[in-house]
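Participant: Give me a model of this one.
(one chain, ligands or ions: 2)
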Amino acid sequence: MPKDKTPEGNDVPVIELRNIDKTFRSGKTAVSAVRNVSLSVSDGEIFGIIGFSGAGKSTLVRCINLLERPTSGQVVVDGVDLTTLSAKQLRAARKNIGMIFQQFNLLSQRTVANNVRFPLETSGVPRARADERVRELLQLVDLSDKADVYPAQLSGGQKQRVAIARALACNPKIILCDEATSALDPLTTHSILDLLKRLNEQLGVTIVVITHEMRVVEQICDRVAVMDAGEVVEEGRVRDVFLRPQSETARRLIDPAYQTGSRVSLPPNTLRLAFTGEESGAPVISDLTVQCNAMVSIVSANTENIGGKPFGQMLIEMPPDAASQARICAYLDKRGISYEKSDASEGGGRMPKQAASAPSAQAPASDASNACDTSQNDVPAIGKE
Ligand SMILES: Nc1ncnc2c1ncn2[C@@H]1O[C@H](COP(=O)(O)OP(=O)(O)OP(=O)(O)O)[C@@H](O)[C@H]1O
Ligand SMILES: [Mg+2]
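Facilitator: Numbering: from 1, shown residues only. Ligands and ions are numbered 1, 2, ... in the order given. Next comes the predicted model:
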């Protein structure tokens, strides 16, 4: 689960977006991709930006290094408004901002080591120093043994490790990740997110993670902004958004029924259980069945076991009688497991905005040439049942 850093307090903002608007115009048509977004990311934070496709996430993140110039608004990085800089000053400022993409954007004709070396070359780092830095970086991402192979000989996860090493080459203060794990399988996603978290902790690098997957945010982010139709519709600590989503978009993003496509057939009397890693790891569903003398069925689950603690959401269907339901809710309250009840009157499955709950409850244009310039449903796991 994400660290509970306080964004308020003494944290220094390293990125401040102030009233960012971005409109794409082509002839008579105009697309308003980002609308009046203001965000602040603290130094050393891992900040998530989540939303469905077309929400404006990539456009917004590309405004941070001015790959997209906002139509209006200010982009303040490390105290400097990038929109006021000359081209030369901007190139220098971008060395402080690394970027990684879903499609890795590696140079296929260069070996792994030479991909990582590329930004060092363009920055004029002397050869011996560059050699040493490449070795350090490949060690950091556990790829020392792949230095001399070509990208085509690597797995997706390994390619992304190369891209991460390349993004770190110039010691940036910030790394922007645009759907960096979306092309990877769940296990590889996990290991790449682990790597990003380790780099954040070891190097103190601030990371902005763009994703459409709540589980990515859950695994590594401290805070998250939810985007819809170009706007930030909700922002907060991951735990708070996860447990008590305020916007319809956030609710849809965390609702496993949406993710599995089973939402239309969601039965009535459904509870959404939210596991945040704070509950005991003792079996939940089998214990609940015994203690409450009530059979429940699991409608869907989007949970995983991270560090021995359960994280994620589970939808269960309760028996229709009120007495059984009351026993189940009392049991969950006692266990400190957060839950929301579905609203059967809407055909089942729609979670009310403030339901009962336990208190604890394509970055297309950027190719490798600007690399430095820019810079389970695992039901048993949850209860070991
Ligand atoms: N260069 C462009 N020219 C015109 N419209 C654009 C351009 N780039 C993005 N858009 C439009 O801006 C809106 C936001 O797109 P954006 O790529 O930022 O969304 P996204 O949230 O990253 O989506 P996805 O999850 O699919 O990557 C979309 O309507 C898109 O069509
Ligand atoms: Mg995108």
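Participant: Give me the buried positions along the helix or strand that contains Thr188.
Facilitator: Applying DSSP states H and E as the criterion places Thr188 in helix 186-203. Of all the residues in helix 186-203, those buried under the rule 16 or more other Cβ atoms under 10 Å are 188-190, 192-193, 195-197, 199-200. No exception for glycine: its C-beta is placed from N, CA and C like everyone else's.
Participant: I'd like to know which of these is nearest to ligand 1.
Facilitator: Each of the buried residues of helix 186-203 was checked against ligand 1 using Cβ to the nearest ligand atom; the closest is Thr189, at 15.9 Å.
Participant: near ligand 1, which residues of the stretch 51-200 of the chain?
Facilitator: With the criterion set to Cβ under 6 Å from any ligand atom, the stretch 51-200 of the chain comes near ligand 1 through 51, 53-59.
Participant: Return the subset of those lying in strands.
Facilitator: Filtering these for membership in strands, criterion DSSP state E, returns Gly51.
Participant: right, and the pair among the residues of the stretch 51-200 of the chain next to ligand 1 with maximum separation?
Facilitator: Maximum pairwise distance among these (Cβ to Cβ): 12.4 Å, between Ser53 and Thr59.
Participant: Looking at those two, which is more packed in?
Facilitator: Neighbour tally, Ser53 and Thr59, criterion other Cβ atoms under 10 Å: the higher count belongs to Thr59, 23 against 8.
Participant: Can you tell me how far that one is from Asn19?
Facilitator: Using Cβ to Cβ, to the nearest Å, we find Thr59 at a distance of 15 Å from Asn19.
Participant: Likewise for Leu288?
Facilitator: Summarising the geometry, the distance separating Leu288 from Asn19, computed by Cβ to Cβ, is 49 Å.
Participant: Looking at those two, which one has more neighbours?
Facilitator: When Leu288 is set against Asn19 and neighbours are counted by other Cβ under 10 Å, the residue ahead is Leu288, at 23 against 12.
Participant: contacting residues around that one?
Facilitator: For Leu288, the set of contacting residues under the criterion of Cβ atoms under 8 Å, 6 or more residues apart in numbering consists of 294, 296, 328, 331-332.
Participant: what's the closest of those residues to Glu317?
Facilitator: Checking the contacts of Leu288 one by one against Glu317 (Cβ to Cβ), the nearest turns out to be Val296, at 6.4 Å.
Participant: tell me the phi and psi of the closest residue to that closest one other than its chain neighbours?
Facilitator: Sequence neighbours aside, Ile316 is the residue nearest to Val296 in space, at 4.6 Å (criterion: Cβ to Cβ, 6 or more residues apart in numbering). Phi and psi for Ile316, reported as degrees, to the nearest 10, are phi -120, psi 150.
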